[in-house]
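no sequence for this one, just the structure:
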């Protein structure tokens with residue numbers, strides 16, 4: 001049994017090494033610009049935060065909070081989050097506070113990225129337009145407070161196990177345009193939790209996290225991204241976690257005997273904490289499965305989803321809780337019913353590899369290219385909505401792949417209705433890839449989409465050209481300029 005568990009650890013290491021998922025798929029130049037939108041920004045002085053809180057509430061900080069942690073839990077380009085205790089009931093909350101210059105910072109960041117795209121990657125401008133429009137809503141935290149309440153309600157009504165995912169409840173009466181107060185979820189960010197474990201593992205095995213990341217990136221560059229994950233299962237890793245905890249308990253029993261005997265003379269040994277997050281390998285198959293099911297449901301059933309998921313938007317609650325916290329619903333996209341139904345048809349068709357329906361759907365939906373090549377359109381749809389796999393990209397990175405597609409059959413008109421759904425898929429795949437867990441979205445979302453279409457009396461088999469026209473959403477077609 002121990003030998004088998006050791007084998008699982010080796011397999012886990014092979015497939016679970018922390019790798020910068022986005023850096024493994026997008027060009028380095030693009031990523032440096034793109035990361036301006038993520039939470040890698042130095043925090044502002046606490047005095048700035050307190051001033052904003054007092055301006056928003058019209059009260060002294062001490063009248064709202066009995067305690068306020070000066071050290072932020074996290075920071076991003078437009079604001080930062082602090083732990084606090086509400087004075088009215090003693091509950092612990094997270095307080096998200098916007099920077100005074102956030103609106104101008106946002107405009108400057110987007111202008112910088114737009115300038116970069118116009119010069120070096122004009123094919124990304126359609127995505128950037130939709131992203132800029134969507135992210136503008138993040139500047140009003142009242143929107144995010146409402147989004148949190150609605151998403152939380154949707155998750156409960158959708159039957160998601162409360163022991164599996166947790167969406168923090170917002171406190172609307174304390175939330176304003178520049179301040180959001182919500183339930184505090186304990187635990188590190190997903191990206192930090194993965195990094196913490198593998199930093200420790202690398203040190204114990206005579207290497208470094210940077211070396212592991214370099215090796216993972218080199219492997220992908222040489223072999224391309226696999227079409228699917230083939231490492232140990234969630235059940236196998238859960239068994240291995242339990243084995244490690246039992247092992248530490250046995251070792252602690254020995255430490256206890258020593259500490260109460262020889263330890264009284266020679267000095268006591270510190271007990272091991274078997275539940276410490278950095279000591280246990282994260283169960284990435286379970287994490288990925290949960291994230292894929294949650295986001296698929298939000299997109300296809302609710303039509304309300306986080307359009308910009310990344311490793312800083314998910315929290316890993318401490319073992320043995322194992323829940324995943326879903327935070328940051330500022331960039332929340334809402335689809336019309338026709339858009340949502342078309343998203344269902346799209347993923348069902350990708351799952352069935354129904355190229356004819358996908359092609360007809362694209363043409364009716366406003367897509368137009370110079371030569372109208374069906375094979376190029378299929379590759380673009382697979383890449384944009386489904387998979388980074390080498391079977392789609394031919395082993396190229398994102399920029400190389402897009403350049404190849406553009407040079408072969410440049411697109412001239414593109415609808416922006418599903419740009420944010422596409423962006424969510426790209427980002428979510430990058431989160432999974434950052435754990436060396438490549439995914440094909442349609443494997444989760446295809447069967448889910450078919451079930452939803454059945455429930456709404458519009459089974460997949462009924463979707464011919466007449467149906468596509470009947471339920472075609474109001475289009476916003478963008479003419480591409482090269």
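Yes, it's here. Just so it is clear, the structure is predicted and the values come from calculations on it, not from any experiment.

going by C-alpha atoms from here, please, whenever you check contacts or count neighbours.
OK.

what mean pLDDT does stretch 103-118 have?
Stretch 103-118 shows a mean pLDDT of 66.

name the spans of the chain whose pLDDT lies under the cut-off.
Residue ranges of the chain with pLDDT under 70: 1-41, 105-106, 109-128, 131-136, 274-278, 481-482.

looking at this, residue 351 is in a helix?
Yes. Using DSSP: H, G, I helix; E, B strand; the rest coil, the assignment for residue 351 is a helix.

what ranges do the strands span in the chain?
Secondary structure of the chain, counting by DSSP state E: strands at 65-68, 74-75, 79-86, 92-98, 165-166, 179-183, 304-306, 314-316, 324-326, 332-334, 368-369, 411-415, 477-479.

what would those strands look like in a markdown table with distance to residue 149?
Converted to a markdown table, the strands of the chain look like this (distance: least, C-alpha to C-alpha, whole Å):
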| stretch | distance to residue 149 |
| --- | --- |
| strand 65-68 | 22 |
| strand 74-75 | 22 |
| strand 79-86 | 19 |
| strand 92-98 | 15 |
| strand 165-166 | 12 |
| strand 179-183 | 10 |
| strand 304-306 | 12 |
| strand 314-316 | 17 |
| strand 324-326 | 12 |
| strand 332-334 | 12 |
| strand 368-369 | 39 |
| strand 411-415 | 30 |
| strand 477-479 | 32 |
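
turn the ones you listed into TSV, columns for distance to residue 45 and mean neighbour count.
Below are those laid out as TSV (distance: least, C-alpha to C-alpha, whole Å; neighbours: other C-alpha atoms under 10 Å):
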stretch	distance to residue 45	mean neighbour count
strand 65-68	14	17
strand 74-75	11	18
strand 79-86	10	21
strand 92-98	12	24
strand 165-166	30	22
strand 179-183	16	23
strand 304-306	29	24
strand 314-316	25	24
strand 324-326	27	23
strand 332-334	29	20
strand 368-369	50	20
strand 411-415	43	19
strand 477-479	42	16
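
for residue 138, give me its contacts.
144, 330, 331 (C-alpha atoms under 8 Å, 6 or more residues apart in numbering).

how many other residues sit next to the first one?
Translated: residue 144. 24 (other C-alpha atoms under 10 Å).

what sits against residue 325?
Contacts of residue 325 by C-alpha under 8 Å, 6+ apart are 165, 166, 167, 168, 185, 314, 315, 316, 317.

same thing but 10 Å
The contact partners of residue 325, by C-alpha atoms under 10 Å, 6 or more residues apart in numbering, come to 164-168, 184-190, 313-317.

of the contacts of residue 138, which belong to helices?
Taking DSSP state H as the definition of helices, the contacts of residue 138 contribute residue 144.

which of the contacts of residue 325 count as buried?
Buried members of the contacts of residue 325, counted by 16 or more other C-alpha atoms under 10 Å: 165-168, 184-185, 187-190, 313-317.

return the list of helices and strands in contact with the longest helix anywhere in the chain.
What stands out as the longest helix in the chain, according to DSSP H, is helix 234-259. Of the remaining helices and strands, those touching helix 234-259 by 3 or more C-alpha pairs under 10 Å, 6 or more residues apart in numbering; DSSP states H and E are helix 2-16, helix 263-266, helix 284-297.

can you name the residues in contact with the second one?
With C-alpha under 10 Å, 6+ apart as the contact definition, helix 263-266 has outside contacts at 255, 256, 257, 258, 259, 269.

next, give me the two most distant ones among these.
Greatest spatial distance among those (C-alpha to C-alpha): 257 and 269, at 10.4 Å.

next, format the contacts of helix 263-266 as CSV and append distance to residue 84 and neighbour count.
Shown next, in CSV, are these (distance: C-alpha to C-alpha, whole Å; neighbours: other C-alpha atoms under 10 Å):
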residue, distance to residue 84, neighbour count
255, 38, 18
256, 37, 16
257, 41, 11
258, 41, 16
259, 38, 18
269, 35, 12
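
redo these as JSON lines? Include distance to residue 294.
Formatted as JSON lines, the contacts of helix 263-266 follow (distance: C-alpha to C-alpha, whole Å):
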{"residue": "255", "distance to residue 294": "43"}
{"residue": "256", "distance to residue 294": "44"}
{"residue": "257", "distance to residue 294": "47"}
{"residue": "258", "distance to residue 294": "48"}
{"residue": "259", "distance to residue 294": "47"}
{"residue": "269", "distance to residue 294": "44"}
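
out of those, the closest to residue 63 would be?
Nearest to residue 63 among those: residue 269, at 45.3 Å, using C-alpha to C-alpha.

who's in contact with the closest one?
252, 255, 256, 258, 259, 263.

got a list of what the first one touches?
The reference is to residue 252. For residue 252, the contacting residues are 246, 258, 269, 270, 271, 272, 273, 274, by C-alpha under 10 Å, 6+ apart.

that older thread, tell me which of the strands of the chain sits nearest to residue 456.
Comparing the strands of the chain by C-alpha to C-alpha, strand 304-306 comes nearest, at 17.4 Å.

that closest one pairs with which strands?
Sheet pairing of strand 304-306 (DSSP bridges) gives strand 332-334 (antiparallel).

mind listing residues that contact the strand it pairs with?
Strand 332-334 is contacted by residues 134-135, 137-138, 143-144, 147-148, 151, 298-299, 302-309, 340, 420-421, 424 when judged by C-alpha under 10 Å, 6+ apart.

burial check on residue 142, number of neighbours?
Residue 142 has 21 nearby residues by other C-alpha under 10 Å.
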